[in-house]
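[1] build me a structure from this.
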Amino acid sequence: FGVLIFFFGFFFLVGGGGGGGPRPAGTPAVTLRQRDASRLATAPARSPRRRSFSLMELVLNLIIIAMLAAIAVPRVTHASQSARGKSLLMTLTHVRHAIERYYAEHGRYPGYDPATGAPDDDAFVDQLTQYSDAGGNTHATLVFPFIYGPYVRAPFPANPLNELNTVDVRANPTDALVVGSTGWYAVLVTGHFAANCTQAEMAEVGIVDGGTKIPL
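    The predicted structure is shown next:
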């Protein structure tokens, strides 16, 4: 309370509340309002100046921004990983259904070289994305006898986890597979088709059941 009285008295004196001492005899009385108006009229014009941030305000703003970023970034990352996982499952389902349609019309799964009968990576992609005949030979346009397909729109979809759209075609499940070397892998004797990536990569996008061997 004493501090408030001190400041009140200080501003009162500075503002002229004390009257500036006794008025000499014969001096006309001047009201406080008239004196303030006179001071404003004779005071030099001040150029407007924008108030800058203090160091404390700047630090507080940075702390608030950092806290908001700490909350938002994990949520954005989780949403992105979840979207990639859903995209992967949708692509697997789409291609697996395409493989079954090819099998229904040709009597065997795509990926066999029509000339040699051996597993062929390019043949797998071409037989799903181009027109084909009964023997699995492919053509870019619809002309007889290439009346089947296409089953998947070209280009062949990429694996959302490694952005590769290549396919490692194997005759048997026991054949060697280099994980991550291609976007996908296929097994011709069973028609199995899956993403060629590690179980850790699958777990990052929320797929923990089945690892790299997701049966669809």
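
[2] now Pro157: how far from Met90?
    Separation of Pro157 from Met90 (Cβ to Cβ, to the nearest Å): 9 Å. Quick note: C-beta positions are derived from backbone N, CA and C, even for glycine.

[3] neighbour count for these two, which is higher?
    More crowded of Pro157 and Met90, by other Cβ atoms under 10 Å: Pro157, with 19 against 12.

[4] confirm that one sits in a strand?
    No. Applying DSSP: H, G, I helix; E, B strand; the rest coil, one finds Pro157 to be coil, outside a strand.

[5] helix or strand right after the biggest helix by length in the chain?
    Scanning the chain for the helix with the most residues, using DSSP state H, yields helix 55-106. Later in the chain than helix 55-106, the nearest helix or strand by DSSP states H and E is helix 121-129.

[6] check which helices and strands that following helix is in contact with.
    helix 55-106, strand 138-139, strand 167-170 (3 or more Cβ pairs under 8 Å, 6 or more residues apart in numbering; DSSP states H and E).

[7] got the CA positions of that helix in PDB?
    Provided in PDB are the C-alpha atoms of helix 121-129 (Å, rounded to 0.1, in the frame of the first residue of the first chain):
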ATOM      1  CA  ASP A 121       9.300 -61.300 -63.500                       C
ATOM      2  CA  ASP A 122       8.500 -59.300 -66.500                       C
ATOM      3  CA  ALA A 123       5.900 -61.900 -67.700                       C
ATOM      4  CA  PHE A 124       4.100 -61.600 -64.400                       C
ATOM      5  CA  VAL A 125       3.700 -57.800 -64.700                       C
ATOM      6  CA  ASP A 126       2.800 -57.900 -68.500                       C
ATOM      7  CA  GLN A 127       0.200 -60.600 -68.100                       C
ATOM      8  CA  LEU A 128      -1.600 -58.600 -65.500                       C
ATOM      9  CA  THR A 129      -1.300 -55.100 -67.100                       C
END
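
[8] having no further points to raise, I will conclude here.
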